[in-house]
Each structure stands twice: as C-alpha cells, then as structure tokens.
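Participant: structure for this input, please:
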Amino acid sequence: MAGDREAFAVLVTKYSDPLFRHALNMTGSPDVAEDIMQASFIKAYSHLGEVRGRFDAWIFRIVANGCKDWLKNIRRSHVSYEEDDQPSHLTTPDEELDRSELRVDLDWALGQLSPSLREAFVMKHVEGRSYEEMADMLDSTVGALKMRVHRAREALQALLEEKYA
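Facilitator: Residues are numbered from 1 along each chain as shown. Take a look at the predicted model:
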C-alpha cells in the first residue's frame, strides 16, 4: 500500500501543473482550480484500477469533467481571470488600459460560452494543444473538436461585435 501511495505521488507531481493550468483556464479561479484538482486526484486514486489506456488522458478527463460540472453549477455573468504574468510590451498607460479592457471583455465573452465550447477554445488557443492531442484527451474526434473550436470562435466574435457595436 505504501508503494502505491509513493507511485501515485510521482504521478501527481508529474501531472499537477498542466492539469492545474487547464482547471484555472476553465474556471478563472485559482481556489476553484485547486479544489477541482484535489477532488480529481482523490477520485483518481480511488479508481486507479479502472485505468484503461493512458493515465494522462484518463486523469485529464476527470479534471475536465470536474471543471464542466463546476461551470454547470455556477450562475454568473462575469468570469474574472487572474492577470497573466507575462511582462507587457505596451509602453503607454492608454495602451495598458486598452489591454485591460480587452481582457475583461474577452473574459466576459468566454464566460458566455457553453462549457464544451469553452473547453475546446481554451485547449486550442490558450493551452496550445494540437487537435490530435485534444481528441485523445477528450475521447472525441478531430473533426468534432475542429467544429467546437470553430463554433467557439464564431460565438466569441458575435459576442464581442455585439458589445462593441
């Protein structure tokens, strides 16, 4: 039993960062992302004997489903994301203000998407995953994911055009 725990601890260490980033991108909250991660790893440990195929795809689906469940259960009109920690290349306060406003509007628009469209958009355009990798992790087809990403882009464009009209 101690060996199982040690081996599982290695898996937790290996996959925590990318799974946390995904949960954070989906929920917009570090605290919620951490809660989903903890619940997901507990569930994974309890059901470790049920793994079929790749562990990383299996644990990703557990985290992704936790994010979707959280998104379904929350009622909100605005999602606030933490500011990214990339240094800004903008030089003037006006450019910084425009960037902040654009980020707020994009966050709002992402929050209006269904969880499945949001997930596909985040995986492709925020996390930079390939369609093949997404298909493997979500147990879907490349064609279906391309359509979800396309629909997400169209919905975001419509929402932002409406806001700026």
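Participant: identify the residues contacting Ala44.
Facilitator: Taking Cβ atoms under 8 Å, 6 or more residues apart in numbering, we find Ala44 in contact with 58-59, 62. C-beta: built from backbone N, CA, C; applies to glycine.
Participant: try it again at 10 Å.
Facilitator: 8, 11-12, 15, 50-51, 55, 58-59, 62-63 (Cβ atoms under 10 Å, 6 or more residues apart in numbering).
Participant: just Arg148 next, same as before
Facilitator: By Cβ under 10 Å, 6+ apart, the residues touching Arg148 are 113-114, 116-121, 123-124, 134, 138, 140.
Participant: sorry, back to before: please identify which of the contacts of Ala44 is nearest to Trp108.
Facilitator: Val63 (24.1 Å; Cβ to Cβ).
Participant: that closest one contacts Asp35, correct?
Facilitator: No. Counting by Cβ atoms under 10 Å, Val63 stays clear of Asp35, with 11.3 Å between them.
Participant: which of the two has more neighbours?
Facilitator: Val63 (25 against 15; other Cβ atoms under 10 Å).
Participant: the more buried one: which element?
Facilitator: Taking DSSP states H and E as the criterion, Val63 maps to helix 55-73.
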